[in-house]
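Novice: no sequence for this one, just the structure:
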């Protein structure tokens, strides 16, 4: 069985391929979309929820390739900001926002705020033309007062998982994958796959 990933992010591709390769699904081939598409597939993330955006991306990639597709959408949900930026995490400072812009906006909005509880939430969507399967992964933690670490991407340098003393950006990738929202969502998806493909 082949599964094509609905992402152009090399970090996500490597992470997902590693988890699949270590699973019981040795017969599943996880495909980088750049190897079968002439140009990256751009999908307007117009959904109001992570679930809707993940679904839009999975459907679009399946339509373009005819291969079972796996997509994700991830949001940082900060309690003191009413669970923002949430579904708008990648565009929190505007349509052309950089990761640095988004992190600075969050830190500015939390200036003087004692409640810094937050969580990362990832929703995966698998679509093969017959069935649609969703899974979710959540990593709880808090927003730091300032950036720490050089690893990762997005909001990693300002997010510290609960029970740990370092940010995601201070962890090597294999360590982050063990507890991250995306890693947990993938593991949950794998347990659902067992019913269909083992």
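Specialist: That came in fine, so what should we check first? Owing to the predicted nature of the structure, the values given are computational and were not obtained by experimental measurement.

Novice: just the strands in the protein please.
Specialist: Along the chain, counting by DSSP state E, strands occupy 2-5, 29-31, 69-78, 84-86, 117-127, 132-143, 159-161.

Novice: for residue 110, find the nearest of those strands.
Specialist: Ranking the strands of the chain by distance to residue 110, with Cβ to Cβ as the measure, places strand 132-143 first at 5.9 Å. Yep, even glycine has a C-beta here, placed from its N, CA and C like the rest.

Novice: measure residue 118 to residue 128 for me?
Specialist: Note on residue 118: its distance to residue 128, by Cβ to Cβ, to the nearest Å, is 34 Å.

Novice: more neighbours: which of the two?
Specialist: residue 118 (25 against 16; other Cβ atoms under 10 Å).

Novice: wait, what's in contact with the more buried one?
Specialist: Neighbouring residues of residue 118 by Cβ atoms under 8 Å, 6 or more residues apart in numbering: 76-79, 140-143, 159.

Novice: how about residue 137?
Specialist: For residue 137, the contact set (Cβ under 8 Å, 6+ apart) comprises 121-122, 124, 180-188.

Novice: closest one to residue 37 out of the residues you listed, please.
Specialist: Out of the contacts of residue 137, the member with the shortest distance to residue 37 (by Cβ to Cβ) is residue 124, at 20.1 Å.

Novice: residue contacts, the closest one?
Specialist: 54, 70-72, 134-137, 185-186, 188-189.

Novice: from those residues, which would you call buried?
Specialist: 54, 70-72, 134-137, 185-186, 188-189 (16 or more other Cβ atoms under 10 Å).

Novice: do you know how far residue 36 is from residue 125?
Specialist: 19 Å.

Novice: between those two, who's got more neighbours?
Specialist: Set side by side, residue 36 and residue 125 show more neighbours around residue 125, with 25 against 14, by other Cβ under 10 Å.

Novice: name the nearest residue to that one, sequence neighbours excluded.
Specialist: Nearest residue to residue 125, sequence neighbours excluded (Cβ to Cβ, 6 or more residues apart in numbering): residue 54, at 3.8 Å.

Novice: try residue 94
Specialist: Using Cβ to Cβ, 6+ apart, the nearest residue to residue 94 is residue 101, at 7.4 Å.
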